[in-house]
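K.L.:
build me a structure from this.
(one chain, ligands or ions: 1)
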Amino acid sequence: MAAQTPVDKELEGAPDHGVGAMSDQFYSDAQLYDRLFPGDERAVAFYRAEADRQGGSVLELGSGTGRKLIPIASDGHECTGLELSPSMLAEARRKATERGVEVAWVQGDMRDFDLGRTFDLVLIAANSLLHLHAAEDLESCFRAVSRHLAPGGRLVFDVFNPSVRMLAQADGERRRRDALTFVDPERGEVHVDVAETYDAEAQVTRGTWFFSTDAEADLVVVPLEIRSIFPQELPLLLSLGGLRLVERFGDWSRAPFTSEAQVQVCVCAAEREG
Ligand SMILES: C[S@@+](CC[C@H](N)C(=O)[O-])C[C@H]1O[C@@H](n2cnc3c(N)ncnc32)[C@H](O)[C@@H]1O
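P.N.:
Residues are numbered from 1 along each chain as shown. Next up, the predicted model:
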């Protein structure tokens, strides 16, 4: 487990990790997360360009270990990261300090927060939004975002485009994901198996992730539950929270969104701005 250090600010009333009962454990070892998902540089470049285009201050919700926010802050933007997991926050702070970059790190829950100010750009990157399962939670998150947007401000987020083929494969069988094998400096090569089922009523893929080395099977076993947001419901959910979809891209080069797209990259504005 990563060492935990105090965060800059703990939001009053922030729940003690309630939301993510099914994702907390997944993010409780931030260094393991960074090795498992080395990140997509095209996504980082896209979010950096959005911050430059928008100008001014940036808030990221579910900021993780700072993959997007630390480069954005190093470009000269005033940045705040709101994150639920103390381990992810501690790792983000460590990396920012190492790189000499200033970011305000806040422990909080994106379902409801009050930072007492507005931002020019709010980001929710890398499927973080999909940790909110109930429509009410998404609505309350979007309402909080709407309250934090400065005039002319934008919300930009990415979520995967649910594929019926992929959801149908979630049959509960444990399978090796070779593409996710990574090297841990202390443990050596780590293999990842995943067993998933799809709960169609909740629109949630419920998974168990198994991490093993050749020496030790199942050294870490953690649940991960991720919602699907289908293309037609996405603007409706935004609208419940006082936001409107301005543009939707299907990849990081801003190609139009189509049914084959793997990702929904969304740019949104406050509805009050017409
Ligand atoms: C897939 S990671 C993405 C991290 C980062 N945005 C990135 O691009 O690398 C999802 C992050 O969302 C955080 N998270 C999950 N639920 C949250 C909530 N309700 N409020 C704030 N953060 C949350 C997790 O702890 C985790 O750090």
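K.L.:
ranges for the helices of the stretch 1-150 of the chain?
P.N.:
Secondary structure of the stretch 1-150 of the chain (DSSP state H, counting those that start in this stretch): helices at 30-36, 41-54, 69-74, 86-98, 135-148.
K.L.:
list the contacts of the first one.
P.N.:
Yep, that's helix 30-36 we're talking about. Residues from elsewhere that reach helix 30-36, judged by CB atoms under 8 Å, 6 or more residues apart in numbering: 2, 26-27, 64-65, 85, 87-88, 90-92, 180, 182-184, 190, 192, 211, 220. For every residue, glycine as well, the C-beta is placed using N, CA and C.
K.L.:
that older thread, got the helices of the stretch 1-150 of the chain as a markdown table, with mean pLDDT columns?
P.N.:
Shown next, in a markdown table, are these (pLDDT from 0 to 100):
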| stretch | mean pLDDT |
| --- | --- |
| helix 30-36 | 83 |
| helix 41-54 | 97 |
| helix 69-74 | 98 |
| helix 86-98 | 96 |
| helix 135-148 | 98 |
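K.L.:
pick the most deeply packed of these.
P.N.:
For the helices of the stretch 1-150 of the chain, average neighbour numbers computed from mean count of other CB atoms under 10 Å are highest in helix 69-74, which has a mean of 22.
K.L.:
and of the helices of the stretch 1-150 of the chain, who's closest to Glu196?
P.N.:
With CB to CB, the closest approach to Glu196 among those belongs to helix 30-36: 15.9 Å.
K.L.:
does the closest one reach the ligand?
P.N.:
No. Using CB under 6 Å from any ligand atom, helix 30-36 never reaches the ligand; the gap is at least 7.2 Å.
K.L.:
quick check, the residue in the stretch 51-200 of the chain closest to the ligand?
P.N.:
Gly64 (2.4 Å; CB to the nearest ligand atom).
K.L.:
wait, that residue sits on Met88?
P.N.:
Yes. Counting by CB atoms under 8 Å, Met88 is a contact partner of Gly64 at 5.1 Å.
K.L.:
give me the common contacts of these two.
P.N.:
27, 30, 33.
K.L.:
now, which of those residues sits nearest the ligand?
P.N.:
Tyr27 (3.8 Å).
K.L.:
please list all residues in contact with that closest one.
P.N.:
Neighbour list for Tyr27: 20, 33, 64, 84-85, 87-88 [criterion: CB under 8 Å, 6+ apart].
K.L.:
in CSV: those, plus distance to Leu245.
P.N.:
Listed next are those as CSV, based on distance: CB to CB, whole Å:
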residue, distance to Leu245
Gly20, 26
Tyr33, 29
Gly64, 24
Leu84, 25
Ser85, 28
Ser87, 33
Met88, 28
